[in-house]
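[1] give the three-dimensional model of this entry:
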Amino acid sequence: MVGSLFTASGEGRVGAAKAALNYLLVCCAVVAVVWASLAMAGISLNFDFVAQYRVRIWDGFCMTVGISAASLVLSMLIGVPVALGQGSRVLPVRYLCDLYVKIIRGTPLIVQVYFFYYIIGTAWGIDNRVVAGIVILSLFSGAYLAEIVRGGLMSIDRGQLEAARAVGFTRAQTLRYVVAPQMVARTLPALTGQVASIIKDSSLLSVIAVIELTQTMREITATNYNFFGGFLLLGALYLVLTLPLMFVSRQFEKRLDYEH
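    Model (predicted):
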């Protein structure tokens with residue numbers, strides 16, 4: 001009986017109560033290990049600074065949310081045309097889109113931050129660090145979104161498109177009734193995960209002094225020298241943003257598995 005509380009059924013299904021119990025046990029075990037590690041290292045956590053710097057922390061949190069939201073919109077405006085461009089009959093357009101995706105996905109974001117801000121940004125007179133950060137993050141995320149969209153398009157059976165033409169659908173009707181519903185269903189889990197990645201990747205904009213959450217915490221810990229407490233709080237704040245997105249993504253995946 002006790003053993004059944006910690007095992008899944010033969011089909012892998014787990015009830016809500018059993019899942020909650022086991023997740024709670026795992027979380028307690030992780031917290032215990034972390035707490036023991038801190039004690040063995042002689043580190044005591046102190047979060048008294050939160051009340052003192054609550055306004056700055058909140059401003060940094062809002063800046064991270066704003067940058068992430070703006071970058072998501074702009075990256076979609078970049079990623080969808082690039083995905084379509086990769087299948088273009090105009091070869092320069094096809095290869096330009098392909099080269100963009102390969103370069104962005106093949107180089108670290110921090111390199112792109114330095115390159116685009118200090119070289120491209122300087123050349124084109126982009127002085128606003130927040131605007132530059134949004135553009136850089138959008139270009140980076142746009143390449144990944146392009147691959148997600150391209151993969152979704154390629155997964156659609158060509159027979160469905162031919163059947164739509166056979167029954168007299170126009171291009172617009174085919175896109176609306178055949179392509180779009182399947183694209184939404186097949187790409188939403190990956191897109192939701194990409195949103196979480198945008199939020200985490202925004203922390204690297206601190207290297208060009210964008211005052212988002214990570215840079216705010218760096219400045220605070222440089223003042224009070226409470227590095228462990230500050231960065232543990234930083235991690236917790238990022239989890240506040242990303243865990244709900246991961247939960248939504250998992251729900252989409254479960255729904256798709258159920259439909260199939």
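[2] ramachandran coordinates for Ser88?
    phi -70, psi 150 (degrees, to the nearest 10).
[3] measure Arg186 to Ser44 for me?
    Counting by CB to CB, to the nearest Å, the separation of Arg186 from Ser44 is 49 Å. Backbone N, C-alpha and C define where each C-beta goes, glycine included.
[4] how about Ala69?
    Ala69 is 37 Å from Ser44, by CB to CB.
[5] can you give me the pLDDT of Asp257?
    Per-residue pLDDT puts Asp257 at 58.
[6] ah, wrong one, I meant Val195
    At Val195, pLDDT is 89.
[7] got it, and Tyr95?
    For Tyr95, the predicted pLDDT is 95.
[8] where in this structure is pLDDT low?
    Applying pLDDT under 70 to the chain flags residues 1-3, 10-12, 253-260.
[9] ok, Tyr225 - how many residues close by?
    Tyr225 has 8 neighbours, counted by other CB atoms under 10 Å.
[10] OK, contacts around the closest residue to Ile120 other than its chain neighbours?
    Leaving aside its sequence neighbours, Ile120 sits nearest to Ile126 (CB to CB, 6 or more residues apart in numbering; 7.7 Å). Ile126 makes contacts with Tyr117, Ile120, Ala132, Val135, as judged by CB atoms under 8 Å, 6 or more residues apart in numbering.
[11] tell me which element the last one falls in.
    To tie it back to what came earlier, the one meant is Val135. helix 129-154 (DSSP states H and E).
[12] okay, now the residue lying closest to Leu205 once chain neighbours are set aside: neighbour count?
    Closest residue to Leu205 apart from its sequence neighbours, by CB to CB, 6+ apart: Gly133 at 4.1 Å. Neighbours of Gly133 under the rule other CB under 10 Å: 27.
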